[in-house]
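Asker: My questions are about this predicted structure, shown below with the sequence.
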Amino acid sequence: MNFLSGNLTSVEFLGTLNKSVSTLAAFAFIGCLLATSFLLPEHEGAFEKSSLALRKKLRIFGFIWLATSAFQIILTLANILGTSLLDAFDTTSLNSFLTQVDLGKYLGYQLALIAVVVLGINLVNKVLASTIFLGLSLIALVIPVFQSHSAASGSHSLAIGALVIHVAGLSLWVGGILALLLISSDDRTMALPRFSQLALWAAISVVVSGIASAWTRLNFEAAWSTGYARVILLKALLTLVLIFLGYRNRKTLLSSDKTGWNLMGRVLAIEALIMGVTVVLGSWLSSSQPPLAPNVKYSPALSIVGMATPEAPSFTRLLTAYNPDALFIGVLIILVALYIKGVIILKRRGDSWPVGRTIAFALGISALDFATSGGLGVYALFSFEYHMIAHMVIGMVAPIGIVLGAPITLALRTLPLGRTKDERGVRGMLIAFLHSRYSVILTNPLTALALFDGSLFVLYFTNLFGNLMQSHAGHLFMNIHFFLAGFLFFHVIIGIDPNPKKIPHIVRIVMLFAAMSIHAFFAISLLATTTLIDQGYYASLQTPWLTDLLADQHAAGAIAWGMGEVPIILALIATFIQWMRDDSREAKRIDRNEARLAAMGEPDELAQYNNYLSQLQRRDEREGKQ
């Protein structure tokens, strides 16, 4: 159907209108949380008057988002069934849509998470809680993306990841502008410099991810004459206009007097209007089917994984194959950019940063990219054996490099302080989290060990593994879990970064031996399996070079046994080295203290201890004589 000719049914038109309102409300909600988390003044981590006032507006936007999201489920069902809205309210049809259809499930998950965020917002009165709710709101916003048109257009990892980044970046950008319009002019003057830095990164992510998303959706040779492509071009043009206006206006206003700042509300209103039009265009695009590329040869792999089946694995193909996972790549780029920026800040102020830490961090990031987007990530989609290798790299190899890169220490040394003496700022918020009870629980050795090894049995010996393998969202969840569990475990064991409590070295060694034993038991259990545990996922791909799936599963068990022990042994060696270094530092400290006492003419600690024992002996002798 051609959007430009206006030939839309009432349900489709109402769906586009409702989705536009829902998206704008979601963006405003996220923008207000962004303001209360990072832009507005706070007092030792607690909200001040401006944030409390903005929280009242948060409730309004939240309930609009919740109501329109619920209505969107009805509109989507009516559009799919080709019926009226009244028929879509049928309980049986609605229940089947929410429990049996993937799109309905994702919309239901989104609605549930929105309800949790909106109902819990009244309890938020601190910056750390606001930041957590900001993250939950972003997750709620992007949930339907995993069942969007991008998910069905091939190149799942590129298309879906690019769209997730696009939506998240746009929400922070547009939402931040809307939030700036809602706060006072005094608060706006303080908030704008911080938002300008974030807006630049958000704008870059929106443009780059938008190009990647359009590239995967459209067959450019045949799509130029369609209304879909024209709307994409119009949206891109408006985005470039916004970037130009934002750069020019902020550059002018940041160097102008108070008169210029008084114009800021007008400038932001113009930007917000253009952004509103952009959001409406994006809402129409997300609810419309893009032009299909001609002569696309169907295959089970293309429909399930989003890419054609690669040729049989070889060393060369493992090194050269690449299927970009846009979301992971985007996160890795941000991490690398922040790390490099932190090192540059240290160098500029004359502080040193060990080169070895930078190298370790770079190797860890490279390993993550290879295991998610590189050849290992490609073949992990088609073979259990290569999935297990990728699991080992993501959860055991890459975390060691990143942990030894000491990113938290670098952040603590380079993050900005608060704007006033009573404001925590980003660094203070990180310190507060590191010393919070949540951090104490997470860094407890038992918690780290349970997440690192205990979760293997929950994932692989239940239906969870087979269910997660069926979707890109499941793959993403597993990769994130593998990495975070590995990072937490090795942070507790060999981490350079600070912990709420210092873990004795002997406890770390016990943890490593326990992890080694549990991991070996898991591998043996996998080797002993007589049935497939993937719920038919690998069989559905019909991979020609994989004929014996059970043998492939047993090979995965052998990989888990052999490859899984190596990182733990390396960590064990590193723990012994750290223990010896700590003992050496303690001995040097005692020697320095003794030298200092001797220089002052005072007895050292050993002499004091011997004198104490002599006093005890004399006291016992006196008591014996009495």
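Answerer: On my side now, so go ahead. Here the structure is a predicted model, which is why all the values come from computation and not from measurement.

Asker: for Leu34, what are its contacts?
Answerer: The contact partners of Leu34, by CB atoms under 8 Å, 6 or more residues apart in numbering, come to Leu134, Leu172, Gly175, Gly176, Ala179, Leu198. In short, each C-beta sits where N, CA and C put it, glycine included.

Asker: my bad, Val21
Answerer: Contacts for Val21 (CB under 8 Å, 6+ apart) come out as Ile64, Thr68.

Asker: Quick check: it vs Leu138, distance?
Answerer: Look at Val21 and Leu138: by CB to CB, to the nearest Å, they are 19 Å apart.

Asker: Do you know the pLDDT at the residue positioned nearest the centre of the chain?
Answerer: Taking CA atoms, centre = their mean, the centroid of the chain lies closest to Val331, which sits 6.9 Å from it. We have a pLDDT of 90 for Val331.

Asker: how far away is it from Asp351?
Answerer: Distance, Val331 to Asp351, by CB to CB: 27 Å.

Asker: Kindly report the same for Ala202.
Answerer: 30 Å.

Asker: Check Glu42 too.
Answerer: With CB to CB as the criterion, Glu42 and Asp351 are 28 Å apart.

Asker: that older thread, now render the contacts of Leu34 as a markdown table, adding secondary structure.
Answerer: Output for these, formatted as a markdown table (DSSP: H, G, I helix; E, B strand; the rest coil):
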| residue | secondary structure |
| --- | --- |
| Leu134 | helix |
| Leu172 | helix |
| Gly175 | helix |
| Gly176 | helix |
| Ala179 | helix |
| Leu198 | helix |
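
Asker: all strands of the protein, in order?
Answerer: For the chain, applying DSSP state E gives strands covering 42-43, 46-47.

Asker: Any idea which of those strands gets closest to Ile389?
Answerer: Nearest to Ile389, of all the strands of the chain, is strand 42-43, at 45.9 Å by CB to CB.

Asker: tell me how far that closest one is from the chain's mean position?
Answerer: Mean C-alpha position of strand 42-43 versus that of the full chain (CA atoms, centre = their mean, to the nearest Å) differs by 27 Å.

Asker: try stretch 159-175
Answerer: Distance of stretch 159-175 from the chain centroid (CA atoms, centre = their mean) equals 13 Å.

Asker: Next: stretch 346-355.
Answerer: How far stretch 346-355 lies from its chain's middle: 28 Å, per CA atoms, centre = their mean.

Asker: And the pLDDT for Gly227?
Answerer: Per-residue confidence at Gly227 stands at 58 (pLDDT).

Asker: Same check on Ala214?
Answerer: We have a pLDDT of 66 for Ala214.

Asker: next one: Pro500
Answerer: At Pro500, the pLDDT recorded in the model is 84.

Asker: what residues are up against it?
Answerer: Neighbouring residues of Pro500 by CB under 8 Å, 6+ apart: Leu434, His435, Ser436, Ser439, Val440, Thr443.

Asker: at 7 Å what do you get?
Answerer: Shown in contact with Pro500 (CB atoms under 7 Å, 6 or more residues apart in numbering): Leu434, His435, Ser439, Val440, Thr443.

Asker: Go through those residues and name the one nearest Val355.
Answerer: Using CB to CB, these come closest to Val355 at Leu434, 25.6 Å.

Asker: Where does the record place the domain boundaries for the chain?
Answerer: For the chain, automatic domain parsing gives the domain ranges 10-293, 315-569.

Asker: ok, of those, where does mean pLDDT dip lowest?
Answerer: Averaging pLDDT over each of the domains of the chain singles out domain 10-293 as the lowest, with a mean of 77.

Asker: the more surrounded of Ala202 and Asp351?
Answerer: The residue with more neighbours, out of Ala202 and Asp351, is Ala202; 21 against 11, by other CB atoms under 10 Å.

Asker: I'd guessed the more buried one sits against Leu172; true?
Answerer: Yes: contact criterion CB atoms under 7 Å: Ala202 and Leu172 qualify, at 4.8 Å.

Asker: and for stretch 43-54, what are the contacting residues?
Answerer: 32, 35-36, 40-42, 125-128, 182-184, 187, 422, 424, 428-429, 432.

Asker: Please pick the buried ones from those.
Answerer: Listed as buried from the contacts of stretch 43-54 are 32, 35-36, 40-42, 126-128, 182-183, 187, 424, 428-429, 432; burial here means 16 or more other CB atoms under 10 Å.

Asker: Closest one of those residues to Gly375?
Answerer: So of the buried ones among the contacts of stretch 43-54, ranked by how close each gets to Gly375 (CB to CB), first place is Met429, at 39.1 Å.

Asker: Please name the residues that touch that closest one.
Answerer: Each residue near Met429 by CB under 7 Å, 6+ apart is listed here: Gly45, Val127, Leu128.

Asker: Filter these down to just the ones in helices.
Answerer: Val127, Leu128 (DSSP state H).

Asker: What is the nearest of the contacts of Met429 to Ile573?
Answerer: Nearest to Ile573 among the contacts of Met429 is Leu128, at 37.1 Å by CB to CB.

Asker: Go ahead and confirm Met307 touches Ala321.
Answerer: No: the pair Met307 and Ala321 does not pass the contact test of CB under 7 Å, sitting 10.0 Å apart.

Asker: okay, now the closest residue in space to Leu332 that isn't next to it in sequence: neighbour count?
Answerer: Leaving aside its chain neighbours, Leu332 sits nearest to Ile365 (5.5 Å; criterion: CB to CB, 6 or more residues apart in numbering). Ile365 is flanked by 19 other residues according to other CB under 10 Å.

Asker: Including distance to Thr575, could the domains of the chain go into CSV?
Answerer: Shown next, in CSV, are the domains of the chain (distance: least, CB to CB, whole Å):
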stretch, distance to Thr575
domain 10-293, 32
domain 315-569, 5
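
Asker: What values do phi and psi take at Asn499?
Answerer: Main-chain torsions, Asn499, degrees, to the nearest 10: phi -120, psi 150.

Asker: how close does it get to Thr131?
Answerer: From Asn499 to Thr131 the distance is 21 Å (CB to CB).

Asker: more crowded one of those two?
Answerer: The neighbour comparison of Asn499 against Thr131 (other CB under 10 Å) goes to Thr131, with 19 against 15.

Asker: Not counting its neighbours along the chain, what's nearest the more buried one?
Answerer: In space, and not counting its chain neighbours, Thr131 is closest to Ser37: 4.5 Å by CB to CB, 6+ apart.

Asker: my guess is that neighbour contacts Gly135, does it?
Answerer: No: in this structure, Ser37 is not within contact of Gly135 by CB under 7 Å, at 9.5 Å.

Asker: Same drill for the two, tell me which one is more crowded.
Answerer: Ranked by neighbour count (other CB under 10 Å), Ser37 and Gly135 place Ser37 first, with 23 against 12.
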